[in-house]
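[1] show me the folded form of this:
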Amino acid sequence: MNRLSLYELSANYLQALDFLTDPEMDLPVEAVNDTLEALGGELEDKAINVAKFLRNMEATADAIKTAEADMAKRRKALENRVQWLKNYIKGNMEICGISNIECPHFKLSI
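    Sure, this is the predicted structure:
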């Protein structure tokens, strides 16, 4: 299994291109084309695999973004409910003329 990175494959391709197209080298055109085609195929395969990995990362990022938006909506709903309940207690205390309510856990006061 080939463990070369896309960068390394690109460098190998360019190095082979330089070597194989050197005018001082007497290589058959078929050998040059076959070598570059083989290296190009490896490079394309690696690029396709990197692109697949990239798409997977994009999908994960989109899923996180959606989850963040859902959590923000839920947080906002809870914050609104908390504020409504605070106003509800305060309003009813004011209507009844009560300025303090104490219990073992906390104290409410206007």
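[2] show me what the strand or helix carrying Leu36 is packed against.
    In this structure, Leu36 sits in helix 29-96 according to DSSP states H and E. When contacts are defined as 3 or more CB pairs under 8 Å, 6 or more residues apart in numbering; DSSP states H and E, helix 29-96 packs onto helix 6-20. Just so you know, the C-beta spots here come from the backbone N, C-alpha and C atoms, and that holds for glycine as well.
[3] how does it look with 10 Å?
    helix 6-20, strand 100-102, strand 107-109 (3 or more CB pairs under 10 Å, 6 or more residues apart in numbering; DSSP states H and E).
[4] pass me the low-pLDDT residue ranges in the protein, would you?
    1-2, 20-21, 26-29, 32 (pLDDT under 70).
[5] distance of His90 from Ser99?
    Just so we're on the same page, residue 90 is Lys rather than His. Separation of Lys90 from Ser99 (CB to CB, to the nearest Å): 10 Å.
[6] His39: how many residues sit nearby?
    His isn't right for residue 39; it's Leu. 19 (other CB atoms under 10 Å).
[7] what's the closest residue to it other than its chain neighbours in contact with, if anything?
    In space, and not counting its chain neighbours, Leu39 is closest to Tyr13: 4.6 Å by CB to CB, 6 or more residues apart in numbering. The contact partners of Tyr13, by CB atoms under 10 Å, 6 or more residues apart in numbering, come to Thr35, Leu36, Ala38, Leu39, Gly40, Glu42, Leu43.
[8] and if you look at Gly97?
    Per CB under 10 Å, 6+ apart, neighbours of Gly97: Ile110.
[9] give me phi/psi at it?
    phi 70, psi 30 (degrees, to the nearest 10).
[10] one step back: neighbour-wise, which of the contacts of Tyr13 leads?
    Leu39 (19 neighbours).
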